[in-house]
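**Student:** no sequence for this one, just the structure:
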Ligand SMILES: Nc1nc2c(ncn2[C@@H]2O[C@H](COP(=O)(O)O[C@H]3[C@@H](O)[C@H](n4cnc5c(=O)[nH]c(N)nc54)O[C@@H]3COP(=O)(O)O)[C@@H](O)[C@H]2O)c(=O)[nH]1
């Protein structure tokens, strides 16, 4: 409770005091002058007794000399003290129990710091709530002392003492105005020192101030306080005098236990009020600091309050929205039924929660997560609607991103396999219902790996994006283009009238894809092979259709790429073939199923064989002679290329050395080395072994590498090539012109020849492009001080053209198909042109 309700707060600080030998007269004068009801008698600054107005009743007024007696002879001792920290309630109890009207207030050290009287307690205790409930009549417990005006003071004092009273009514027999005599009057008489009055009537105070017995004790106490008096006459409603009311009576009437309980209840109420005020403060702070928008509406649905976050999220300031209908926030995106459901939920369940699109002041529409609660009073009547919302734009974007990741290819933005399969399944179900057809096209970019290998994945990715765009451009609305991964794409044509329509689309796709495309400084040419499968003829499920379209695509590749194939059941046999080929390839080396054939390179000036290229062949026990076009990529995929490559190199070196030993003209043996061999194995070590084992001098060995060796792992591969060159090995670039070589690399690498790809040679006579490209490559080779070798020369016209353009050597069917070692012997030392 603190010091608020303790007596030290209200005690009189100035202590009226006197010494023990002070006369009663002097003490009374001091009290009258100070308007004080007590005086403390001190000795050596210590209080030793107290003399109060009440003690005047013990004075013998019949003996005027008694006024000159020392105060110590009449004072009350020992003095009654009370600690300053005592509560007013406890002080009131002590006044009541100990029957005194004054306490000296002391501090912890026992020093007097003030005086407190019972009237102080009553006036300052804050018991108004109690006093207002009690009437004056209930506080009068003592019979009224009535004194005749003619009575002497001594008689009057005797009567007051006899009535255990502290005052008396002075009333005569003839209807004179009544008066009152109190202890304070006695002090005044003693202090006057003029002798005693003749009768009490002379000194009685008039008029007699009275209250009605039905008045509240509070009003009586207020009169006492206002008039600075301590007694009131109490009359009935008829005006009949019933008694006297003093502070003592009021104090006695206070039922302290009850008052204390009331006090406690009030204190608890105050504390609760304080707490709720604190809670309210806290709630206000929380609402103000909340990042969620908060809007309170009245029962009519009009806005009463919004917090700062509301303003931040909607753009509307407090003053702009208070009194408005929240409809100002509506986006217009929801149907009336949506709001009807919301109100229904509010009225039935008292809460609505969900996603809603609202509109900011700027006009921007945004999604929010909104919770509305109905607030009701104790009687169940709606007092408010409280809406709390947060902007979920970011969350929605994230959800959208996650959805995109799950269903769309990150690189191209096309649907991915999952979404494609979903759509295909739906399309199949539709086609089944309507008895219609659909088609899917499986596309794979031809030789895309070369772009990735030679120009890097960054360029490869850009090519894929460009191709994705071209595919989307080709198809109709309702068709789906998807990327399955790598360079594989699929197209779903859900409505197909004729199979020819799918074939026409495949043609369009092929011709669009093959248009030159520019990526950074590169002009690239990409082609695609397409396989088509039609529902229901080529499969009834998504899996079968995709598998069969894939098979048809492989067939298109086998047949020379840049074309499409419609699926036929026979193709499945081909897929099966591929699988069984894989199984057999693993054992091909140990079963000695590989062999080499040789094709001569002819010097265009002399017409003689200047070199030989070794070409691998696989004699499959059932499939017969398998082309390297089929098994080399398979071997690369299966991780067998280094092993097979090593065998080829060693066998070719042995063959060349044996020709030398036979005394045939010494030609150089060219061997193809796969890019993967450079990555996976130690080519230098392998070459050393092959030369050592065969005895072939290094200058008679030529390695044919592809452009990707120059463009990948540039530092490492350059090092290997340098070492090979240092050994005396020749290096030529195979299929030159198809691999996007960087000219600066060509210049820096230790190479001896460029082999012009046969596709350009093949084009020499068909259109001007091939001729121009071949001429350019020949010039380039010569400028770099390299030999130019043309592959795939099949006609005399091609040979003539090449000779005219200064090509150094040719290789091709015109002179000889690849043949066995024995058959090649007959071609040595002849003019083959
Ligand atoms: N890493 C290895 N690759 C090898 C090996 N052996 C061959 N290969 C590569 O396989 C590809 C196909 O080779 P192949 O089927 O042997 O075809 C070669 C010739 O038969 C063919 N050719 C030759 N002259 C003509 C012609 O006038 N017309 C025509 N259409 N084709 C012709 O060209 C192939 C030789 O090409 P190249 O090697 O580019 O000089 C092929 O890429 C081989 O490199 C091997 O052991 N390891």
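**Tutor:** Nice, thanks for sending it over. Everything numeric in this text was worked out from a predicted model, so none of it was measured.
**Student:** and the stretch 551-700 of the chain, which of its residues are near the ligand?
**Tutor:** Within the stretch 551-700 of the chain, the residues that sit near the ligand (CB under 6 Å from any ligand atom) are 599, 613, 615-616, 627-629, 632, 645, 648, 672, 674. To be clear about C-beta, it is placed using only N, CA and C from the backbone, and glycine gets the same treatment.
**Student:** Any of those buried? List them.
**Tutor:** Buried by 16 or more other CB atoms under 10 Å: 599, 613, 615-616, 628, 632, 645, 648, 672, 674, out of those.
**Student:** Ignoring the adjacent residues along the chain, who's closest to residue 626?
**Tutor:** On the basis of CB to CB, 6 or more residues apart in numbering, the spatially nearest residue to residue 626 that is not a chain neighbour turns out to be residue 618, at 4.2 Å.
**Student:** Confirm for me that that neighbour is in contact with residue 591.
**Tutor:** No: counting by CB atoms under 8 Å, residue 591 is not a contact partner of residue 618; they are 10.3 Å apart.
**Student:** which parts of the chain sit against the ligand?
**Tutor:** Counting by CB under 6 Å from any ligand atom, the chain comes close to the ligand at 599, 613, 615-616, 627-629, 632, 645, 648, 672, 674, 704, 734-735, 755, 758, 791-794, 811-813, 818.
**Student:** mind listing which of the residues you listed are in helices?
**Tutor:** Among those, the members falling in helices are 628-629, 632, 645, 648, 758 (criterion: DSSP state H).
**Student:** Got phi/psi on residue 202?
**Tutor:** Its backbone dihedrals place residue 202 at phi -70, psi -30, with angles given as degrees, to the nearest 10.
**Student:** Grab the nearest non-local neighbour of it.
**Tutor:** Using CB to CB, 6+ apart, the closest residue to residue 202 is residue 149 (8.0 Å).
**Student:** Then residue 419?
**Tutor:** Of all residues beyond its chain neighbours, the one nearest residue 419 is residue 407 (4.1 Å), with distances taken as CB to CB, 6+ apart.
**Student:** To what extent is the one you found buried, counted in neighbours?
**Tutor:** Look at residue 407: counted by other CB atoms under 10 Å, it has 15 neighbours.
**Student:** just checking, it touches residue 416?
**Tutor:** Yes: under the criterion of CB under 8 Å, residue 407 is in contact with residue 416, at a separation of 6.2 Å.
**Student:** For the ones in helices among the residues of the chain next to the ligand, work out which two are farthest apart.
**Tutor:** Pairwise distances across these (CB to CB) peak at 21.7 Å, for the pair 645 and 758.
**Student:** list the contacts for residue 782?
**Tutor:** Residues near residue 782 by CB atoms under 8 Å, 6 or more residues apart in numbering: 788, 806.
**Student:** Just checking, which helix or strand succeeds the one helix or strand residue 96 maps to along the chain?
**Tutor:** Under DSSP states H and E, the secondary-structure element containing residue 96 is helix 88-98. Past helix 88-98, further along toward the C-terminus, the next helix or strand under DSSP H and E is strand 102-106.
**Student:** buried set for that next one?
**Tutor:** Per 16+ other CB under 10 Å, strand 102-106 contains these buried residues: 102-106.
**Student:** On the pLDDT front, check the closest residue to residue 115 other than its chain neighbours for me.
**Tutor:** Across the structure, with CB to CB, 6+ apart as the measure, the residue nearest residue 115 apart from its sequence neighbours is residue 12 (5.1 Å). At residue 12, the pLDDT value in this model is 80.
**Student:** Repeat that for the one 10 residues further on.
**Tutor:** In this model, residue 22 is scored at 95, pLDDT.
**Student:** same deal with residue 385?
**Tutor:** Residue 385 carries a pLDDT score of 95 in this model.
**Student:** same deal with residue 767?
**Tutor:** pLDDT, read off for residue 767, is 61.
**Student:** ok, now which ones touch the residue nearest to residue 419?
**Tutor:** The neighbours of residue 407, taking CB under 8 Å, 6+ apart as the test, are 415-416, 418-419.
**Student:** Show me the two of those residues that sit farthest apart.
**Tutor:** The distance between the two most remote of the contacts of residue 407 (CB to CB) is 8.2 Å, for 415 and 418.
**Student:** residues near residue 421, how many?
**Tutor:** The local packing of residue 421 (other CB under 10 Å) involves 18 other residues.
**Student:** Could you report the separation of the nearest residue to it once chain neighbours are set aside from residue 55?
**Tutor:** Counting by CB to CB, 6+ apart, residue 421 lies nearest to residue 542, which is 5.4 Å off, once chain neighbours are set aside. When CB to CB, to the nearest Å is applied, the distance between residue 542 and residue 55 equals 117 Å.
**Student:** How about residue 451?
**Tutor:** As for residue 451, its distance to residue 55 is 122 Å (criterion: CB to CB).
**Student:** Show me which of the two is the more surrounded one.
**Tutor:** residue 451 (25 against 20).
**Student:** next SSE after the helix or strand containing the more buried one?
**Tutor:** Taking DSSP H and E as the criterion, the element that holds residue 451 is helix 448-455. For helix 448-455, the following helix or strand on the C-terminal side (DSSP H and E) is helix 457-474.
**Student:** so can I have TSV of the buried residues of strand 102-106 showing distance to residue 332 and pLDDT?
**Tutor:** Compiled in TSV, these are given as follows (distance: CB to CB, whole Å; pLDDT from 0 to 100):
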residue	distance to residue 332	pLDDT
102	82	86
103	79	89
104	82	88
105	77	90
106	80	88
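**Student:** Correct me if wrong: residue 827 contacts residue 608.
**Tutor:** No: the pair residue 827 and residue 608 does not pass the contact test of CB under 8 Å, sitting 9.4 Å apart.
**Student:** Tell me, how many residues neighbour the closest residue to the ligand within the stretch 351-500 of the chain?
**Tutor:** Per CB to the nearest ligand atom, residue 447 is where the stretch 351-500 of the chain lies closest to the ligand, at 11.3 Å. By other CB under 10 Å, 16 other residues sit near residue 447.
**Student:** so who does it touch?
**Tutor:** If a contact means CB under 8 Å, 6+ apart, then residue 447 has 527, 561, 738 as its contacts.
**Student:** Next, the angle strand 102-106 makes with the helix holding residue 96.
**Tutor:** Helix 88-98 and strand 102-106 meet at an angle of 130 degrees, taking axes from the mean of the first three to the mean of the last three CA atoms, to 10 degrees as the criterion.
**Student:** what's the offset of helix 88-98 from the middle of its chain?
**Tutor:** Once both centres are worked out by CA atoms, centre = their mean, to the nearest Å, helix 88-98 turns out to sit 64 Å from its chain's centre.
**Student:** Check which helices and strands it sits against.
**Tutor:** If contacts are counted by 3 or more CB pairs under 8 Å, 6 or more residues apart in numbering; DSSP states H and E, helix 88-98 sits against strand 102-106, helix 118-124, helix 247-253, helix 256-289.
**Student:** Deepest in the core, which of those is it.
**Tutor:** Ranked by mean neighbour count, the helices and strands packed on helix 88-98 are led by strand 102-106 with a mean of 24 (mean count of other CB atoms under 10 Å).
**Student:** Adjacent strands (with direction) for that one?
**Tutor:** strand 81-83 (parallel), strand 112-117 (antiparallel) (DSSP bridges).
**Student:** Run the chain-centre distance for the first one.
**Tutor:** To tie it back to what came earlier, the one meant is strand 81-83. Averaging C-alpha coordinates over strand 81-83 and over its chain gives two centres that are 65 Å apart (CA atoms, centre = their mean).
**Student:** begin at 29 from here
**Tutor:** Yes, from this point I'll number from 29; that puts the last item at strand 109-111.
**Student:** What's the mean pLDDT across it?
**Tutor:** Strand 109-111 shows an average pLDDT of 91 in the prediction.
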